[in-house]
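A.B. asks: show me how the following folds:
(3 chains)
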Amino acid sequence: MTAAPPIIAEPPALPAPGVKVQRLGQWSRLPLKAKSGAILLGVFVLAGIIGPEVSPYNPSYQNPAPGLALNPPDAAHLLGTTQSGQDVLSQLLVGIRMTLELAVIVGVVATVLAVIVGVTAAVLGGFWDELLSLASNVFLVIPSLPLLILLLGYLPQKGQAATILVLSVLGWPWGARVIRAQTMAIRGRDFVAAARESGESTWRILAVEIVPNEISLIAANFVNTVLYAIGASVALAFIGLADLSSWSLGTMLYWAQSQQALQLGAWWWFIPPGLAVALMGTALVLLNTGIDELGNPRLRDASHAARIGGHRQRPADPTPVLHAAPASRGQRTRLGSFVHSFSRSSLLDEGGQQ
Amino acid sequence: MKFILRRLAFYAVAAWVALTLNFFIPRAMPGNAVQAIMAKFPNLQPSAYRALEAMLGVGHPGSLWHQYVSYLDDVFHLNFGTDVIEYPAQVSTLLAQTIPWTLTLVGTATVIAFFIGTGLGIVAGWRHGGWLDRGLPGLMFLQAMPYFFLALILIELLAVRAHIFPIGQGYAGGLVPGWHAAFIGSAIYHALLPALTIVITSVAGWMLQMRNVMITTIGEDYVIAAQAKGLRSRRVVFTYAARNALLPQLQGFGMALGFVVSGALVMEIVFSYPGIGLLLLNAVTSDDYPLMQAIFLVITFAVLIANLIVDLALVAFDPRVRAREAA
Amino acid sequence: MNAGTPVLDITDFSVVYRTPGGDVRAVSQVNLALHKGEVVGLAGESGSGKSTLAYAVCRLLRAPALITGGSVLYQGRRVGGPTDVLQLRNHELQQLRWREIAIVFQSAMNALNPVLNVRDQIVDAIHAHLRMPRADELEKAATLIDLVGIPRSRLRSYPHELSGGMRQRVMIAMALAADPEIVIMDEPTTALDVVVQRDILAQVVELKETLGFSILFITHDLSLLLELADRIAVMYAGRLMEFGTAAELHREPAHPYSRGLLNSFPSLHGPRRDLAGIPGSPPDLRHPPEGCPFVPRCTYSTDACRTVDMHLERVASSADPEHVTACPFVLPETPAPAQARTEQELQA
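C.D. replies: Reported below is the predicted structural model:
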């Protein structure tokens, strides 16, 4: 299970009215973090799509050839073999696809639920708002893994579908809260009041004015949910709550653990799936931080503006000055000379570029 | 008292929801699934069998409301029933043996990680653009990693290869648990690596969060005003910026507690640490439903109580909340 | 009035905001002088650069601001010789700030730390600059609160427990904590209702007479300055348009922009007339136009206006020997054009 999800401490800054939809078309203008995250994620998505087609072996095939059990990586098996002679690489490729599939579906379902609940609560207000908010908060405070264990534990089949169902049921509260907050903030904005005055119906206002302004928030929520789904499904599988005959990254780790891969020194069995999870998670977090910076310019501007006038500028430093010599009014002040003689201070080093 | 009372009421509702879910989930099973469960325990004593039936709601145990009330009554008396696997052990006994281990390990490590992470976050936010920021991608990588995976790696490197730490267990085999130095020493020694795992993975999260909140807070007018007043940097950073940034950070801590606890539990499995995590694994693999349900309740209540403590801390730190308190 | 060397002498001062889309020239080559005991008003619409100027003087602007030229010479009675604020190091700046130049911020609610009570925030300011025992610090804080007319019982209050007017008074009390030479006031009463505004300003003037500090008063409300200030500087698009005594500016404004501003608010005396605004909006400071930035909105503009170098010229006909204007063509005696040019004509 991954550590604390990246919690946005405050909703991202609202874009100015008129800028209805974030223009993501400018690839080069995106922050580096978002780009690297997207590329890394792209690698995994690609692996998930074509991987199982090009995998060298059937992941379940237990090669009975002696001496082939628990082999370190070699030419025939790029990532080595398991205890029963199965090819780790093939399992990994299938696992990436399974895990990504599951996580994306959960992401979509949970995000849709979150948007519905959040917007409804914000728009209806009153009793419904109280009720929905209470439900969201209750399910947020109840720790999800034990509840997931309980739910999944009692379901007769514990396969992909069951896991998707269970994760979606618990995956929407966080997003619902954030979206509700944002929707309420937007509702109070002038351009919504203007639209209402001009007679637009509530639904139209929702669809055309409000939701498009929340795209970056919804995107961030989707990414977060996918992150949560990956972590939760892997954790559940790791403790055995999954279809153990299928090959997801979590079940790989389960088998590695139960077959004592660690003690037997078979690092190639548990490191690749774990690393895959970690890297996918990192890609998503990078993406999310990038989206964050897109919405909250202050987080980004600081890194862009961190070099002003040629010098690294911390956010709380005094305003930098861009000239080498003092202005033409008489000679340098006494204090100025004193300062200048002592240090080639960063403030005074700038070659005059005006 | 209004704020605290409102929070208490909220936690009471959450607790009630948890209890009710706990009650209904087994009873919501389709009929043949229940039979499948019962069929897994062919060697049970009749009384244990009846207890299982009662829990699953089969047979003729009386009206639903009646069952619910007696269930709630049981829970309030901390009677979680008889364990089916380790019959006739009481579930509460099993829990009592393992809770202290988990509480000490996870509680201490999480608090330590929170303090270190928040402290680093303050520095990273104040010196935004500095060298700490360059470590960000690495930190994000750590944060994205499942706790138990890092545990595997650390064990591999530090225990199996380097022999710095023991490979697992809560204390050296052969020692008898008790309040004596040898045992406590061994327990601490065995807790170091799991604690290190928790700290390393979660520090990243706290630091990132605090950094972001600090950056936003530093842009606030009152921090600029503090600098305009010519106050020393230390005062500005801590009393003006960090003190305010701490409020959303604490709230985030409360919200993340559930995740932290869950992650730590799974991590315990890797270490074969004698805490709730291992109990949970056994319960799941052997379909020990009474135990699973009891663990769910215990963890949930622990998290709710911890959240309440965080709320009390918020009251202590934020005069705006305190004002509503006094009103 | 103009007693010798100015306490604050801003020369050729320029500030830009370095954004990814280009440099925004927020302040361009502004010259301003403040003398001891004087009240100088800085007037202009939003975006004119007046607040940027004020904060840049103490180097309080955050990234991406950059000071690109000029000097800010401070010469208060405590400092030996003139000090260029732009060349001070961090700790020297910390000593200069508040002790010599204090700021009263526009929004007191935002400028006060929400988690500290009023007393602690004032004591912070005292403690940072004056060496005195704790008991004396507390007493001084109480005295300051008395000065601005707030009951001492409110010292332990938090900012959110005070009314808007009280908060602003607290800001003023805090500004005076270290006996500054100059107090910069950034729209201190804009957010308050007129009655409270009056009260507070009266108090400020009284304090100025008693304690002897100079004031740089920033506002968009020119009418306020006409009563309050000794001299008024009018800014537009980051440039200084006119600078002269309040009396002269009121009597005979030299710059077309000042004329427009004065015509924008009604007077209690005199004949009723149609209110005239100034049509159009300020230029994009990322790509400032050649010559005078006011050309698109100026009723007097000619082609020659696009090649002026914007330096300040003396207004010959003014009673104030230091009355200067940036417009070389329009003099106080120049009559308004026979018919107001329409907006379309101005755009051409």
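A.B. asks: return the residues in contact with B:Gln227.
C.D. replies: Residues near B:Gln227 by Cβ atoms under 8 Å, 6 or more residues apart in numbering or on different chains: A:Ala316, B:Val236, C:Leu60, C:Arg97. Every residue, glycine included, has its C-beta placed from N, CA and C.
A.B. asks: and if you look at A:Gly250?
C.D. replies: A:Thr99, A:Ser233, A:Val234, A:Ala235, A:Leu236, A:Ala237, A:Phe238, A:Ala242, A:Pro273.
A.B. asks: need the contacts of B:Gln227 in JSON lines (columns: secondary structure and distance to C:Lys140).
C.D. replies: What follows is the contacts of B:Gln227, written out as JSON lines (DSSP: H, G, I helix; E, B strand; the rest coil; distance: Cβ to Cβ, whole Å):
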{"residue": "A:Ala316", "secondary structure": "coil", "distance to C:Lys140": "27"}
{"residue": "B:Val236", "secondary structure": "helix", "distance to C:Lys140": "21"}
{"residue": "C:Leu60", "secondary structure": "coil", "distance to C:Lys140": "25"}
{"residue": "C:Arg97", "secondary structure": "strand", "distance to C:Lys140": "18"}
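A.B. asks: now the residue of the stretch 251-354 of chain A found nearest chain B. Nearest residue, chain neighbours left out?
C.D. replies: Closest contact between the stretch 251-354 of chain A and chain B, by Cβ to the nearest Cβ, is at A:Gly281 (2.7 Å). Distances taken as Cβ to Cβ, 6 or more residues apart in numbering or on different chains put B:Ala144 closest to A:Gly281, at 2.7 Å, once the chain neighbours are dropped.
A.B. asks: how about A:Ala114: what's its closest non-neighbour residue?
C.D. replies: That would be A:Gly175: by Cβ to Cβ, 6+ apart, it lies 3.0 Å from A:Ala114.
A.B. asks: buried stuff in the helix or strand encompassing that neighbour?
C.D. replies: Element membership for A:Gly175 (DSSP states H and E) is helix A:173-187. For helix A:173-187, a neighbour-count test (16 or more other Cβ atoms under 10 Å in any protein chain shown) marks A:173-184, A:186-187 as buried.
A.B. asks: again, but for stretch C:62-81
C.D. replies: C:62-76, C:79.
A.B. asks: check these against chain A, which are close?
C.D. replies: C:Arg62, C:Ala63, C:Pro64, C:Ala65, C:Leu66, C:Ile67, C:Thr68, C:Gly69, C:Gly70, C:Ser71, C:Leu73, C:Val79 (Cβ under 8 Å from any Cβ of the partner chain).
A.B. asks: of the contacts of A:Gly250 - the most surrounded one?
C.D. replies: The most crowded member of those, judged by other Cβ atoms under 10 Å in any protein chain shown, is A:Val234 (33 neighbours).
A.B. asks: any idea of the mean pLDDT for the helix or strand hosting that residue?
C.D. replies: Using DSSP H and E, A:Val234 sits within helix A:215-238. Averaged across helix A:215-238, the pLDDT comes to 89.
A.B. asks: dump the ones next to chain A among the buried residues of stretch C:62-81 to CSV, plus secondary structure and pLDDT.
C.D. replies: As requested, those are exported to CSV (DSSP: H, G, I helix; E, B strand; the rest coil; pLDDT from 0 to 100):
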residue, secondary structure, pLDDT
C:Arg62, coil, 87
C:Ala63, coil, 80
C:Pro64, coil, 84
C:Ala65, strand, 88
C:Leu66, strand, 89
C:Ile67, strand, 91
C:Thr68, strand, 90
C:Gly69, strand, 88
C:Gly70, strand, 91
C:Ser71, strand, 91
C:Leu73, strand, 92
C:Val79, coil, 78
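A.B. asks: which of those lies closest to B:Ser92?
C.D. replies: When these are compared for distance to B:Ser92 (Cβ to Cβ), C:Arg62 wins out at 58.1 Å.
A.B. asks: which residues does that closest one contact?
C.D. replies: C:Arg62 neighbours (Cβ under 8 Å, 6+ apart): A:Pro315, A:Ala316, A:Thr319, B:Gly219, B:Ile224.
A.B. asks: please enumerate the helices of the stretch 201-327 of chain B.
C.D. replies: Remark: helices assigned in the stretch 201-327 of chain B by DSSP state H, counting those that start in this stretch are B:221-228, B:233-235, B:243-271, B:276-285, B:289-317, B:319-326.
A.B. asks: mind putting those into a markdown table with mean pLDDT?
C.D. replies: As requested, the helices of the stretch 201-327 of chain B are exported to a markdown table (pLDDT from 0 to 100):
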| stretch | mean pLDDT |
| --- | --- |
| helix B:221-228 | 93 |
| helix B:233-235 | 90 |
| helix B:243-271 | 87 |
| helix B:276-285 | 84 |
| helix B:289-317 | 88 |
| helix B:319-326 | 68 |
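A.B. asks: what about the chain, any weak spots by pLDDT?
C.D. replies: Using chain A here. A:1-31, A:62-69, A:75-76, A:295-311, A:323-354 (pLDDT under 70).
A.B. asks: chain C was what I was after
C.D. replies: C:1-3, C:267-270, C:332, C:336-348.
A.B. asks: if we can go back for a sec, and for the residue nearest to A:Gly281, the neighbour number?
C.D. replies: Neighbours of B:Ala144 (other Cβ under 10 Å): 26.
A.B. asks: what's the longest helix in the chain?
C.D. replies: With no chain named, the answer covers chain A. helix A:88-124 (DSSP state H).
A.B. asks: actually it's chain C I care about, not the one you picked
C.D. replies: helix C:194-211.
A.B. asks: quick one: buried residues of the helix or strand that the helix holding A:Val234 is followed by?
C.D. replies: Going down the chain from helix A:215-238, the next helix or strand is helix A:249-258, by DSSP H and E. Across helix A:249-258, burial judged by 16+ other Cβ under 10 Å covers A:Leu249, A:Gly250, A:Thr251, A:Met252, A:Leu253, A:Tyr254, A:Trp255, A:Ala256, A:Gln257.
A.B. asks: mind listing residues that contact stretch B:160-180?
C.D. replies: For stretch B:160-180, using Cβ under 8 Å, 6+ apart, the contacting residues are A:262-263, A:265, B:101, B:155, B:158-159, B:182-183, B:186-187, B:189-193, B:270-275.
A.B. asks: which of those residues are buried? Put it as a PyMOL command.
C.D. replies: Buried residues within these, by 16+ other Cβ under 10 Å, are selected in PyMOL with:
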select buried, (chain A and resi 262) or (chain B and resi 101+155+158+159+183+186+187+190+191+193+270+271+273+274+275)
